[in-house]
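Chemist: A structural model of the following input is requested.
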Amino acid sequence: MHSSRTPRDHVSAVVAAHGALAYQVAQASALLRANAYDKYAAHLEEHRAELNVAIGELALWFDSFGDWLPIDVGSGLHAATSDGVVAGGSFETQLHTVRESLKAGLRRLLGEVADARSGLAGAGLPAGEITAYRRVIRLWAGEAIDVVAAVHRLALADHYIRRLGLLAGGRAGREGVDLLRRWMHELEEADREGELELAATCGYEQFVERYRAESAG
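Modeler: You can find the predicted model right below:
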């Protein structure tokens with residue numbers, strides 16, 4: 001906790017972190033739309049709108065303190081953007097970067113909220129509203145992260161299934177297992193089994209069995 005902060009400093013830090021996260025969600029939506037994942041982008045826009053509502057409701061609570069706690073939440077509100085450019089790499093790499101950035105942004109915001117709750121309590125102020133806000137942003141930011149993670153899985157599957165389909169010749173088995181290993185390395189551990197089953201369903205069961213045998217060894 002930042003002990004030198006005033007209550008106003010604490011809530012200003014929450015608004016700034018919220019704004020950064022909301023802008024990341026808007027950028028993620030633009031990235032998906034630019035790569036023809038319009039339905040998923042629309043889901044992100046819904047989640048961004050809910051984040052705007054959450055900071056707006058928190059602003060009403062700030063206003064209840066009158067001039068004692070003047071906070072401008074304008075920086076926490078973000079409209080849709082066409083700026084979905086993420087530096088470096090393929091679409092799959094960009095999605096990974098966006099997903100990890102969203103996770104980091106949510107962690108930062110939750111940290112600021114925790115500090116604000118402690119700071120407000122230390123000043124004798126109620127923290128019920130900011131506690132409710134914490135639940136809401138965890139829900140909608142978590143949903144946004146899940147959307148990006150889902151598109152990341154889809155993009156990786158499309159990329160690697162296409163590459164597996166190009167294999168031919170005597171080294172196809174070895175190359176197929178190596179491709180599967182690289183694919184699995186790019187996934188979170190919890191997602192790997194499902195994607196292995198997808199590969200098997202697409203006709204690459206032999207590669208999957210060899211991959212599992214080698215991984216178990």
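
Chemist: the residue nearest to the spatial centre of the chain sits in which helix or strand?
Modeler: Closest residue to the average C-alpha location of the chain: residue 145 at 2.8 Å, with C-alpha atoms, centre = their mean. Using DSSP states H and E, residue 145 sits in helix 128-165.

Chemist: any idea of the mean pLDDT for that helix?
Modeler: The pLDDT scores in helix 128-165 average 95.

Chemist: try stretch 22-37
Modeler: For stretch 22-37, the per-residue pLDDT averages 94.

Chemist: cool, and stretch 109-120?
Modeler: 92.

Chemist: who are the packing partners of the helix or strand just after the helix holding residue 145?
Modeler: Using DSSP H and E, the helix or strand that follows helix 128-165 in sequence is helix 172-185. Under the contact definition 3 or more C-beta pairs under 8 Å, 6 or more residues apart in numbering; DSSP states H and E, helix 172-185 sits against helix 128-165, helix 189-199, helix 205-216. C-betas here are computed from N, CA, C, even on glycine.

Chemist: now for the residue nearest to the centre of the chain: which residues touch it?
Modeler: Taking C-beta atoms under 8 Å, 6 or more residues apart in numbering, we find residue 145 in contact with 99, 102-103, 106.

Chemist: in JSON lines: the residues you listed, plus secondary structure and pLDDT.
Modeler: Formatted as JSON lines, the contacts of residue 145 follow (DSSP: H, G, I helix; E, B strand; the rest coil; pLDDT from 0 to 100):
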{"residue": "99", "secondary structure": "helix", "pLDDT": "96"}
{"residue": "102", "secondary structure": "helix", "pLDDT": "97"}
{"residue": "103", "secondary structure": "helix", "pLDDT": "97"}
{"residue": "106", "secondary structure": "helix", "pLDDT": "98"}
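
Chemist: out of the residues you listed, the closest to residue 213 would be?
Modeler: Comparing the contacts of residue 145 against residue 213 with C-beta to C-beta places residue 99 closest, at 30.5 Å.
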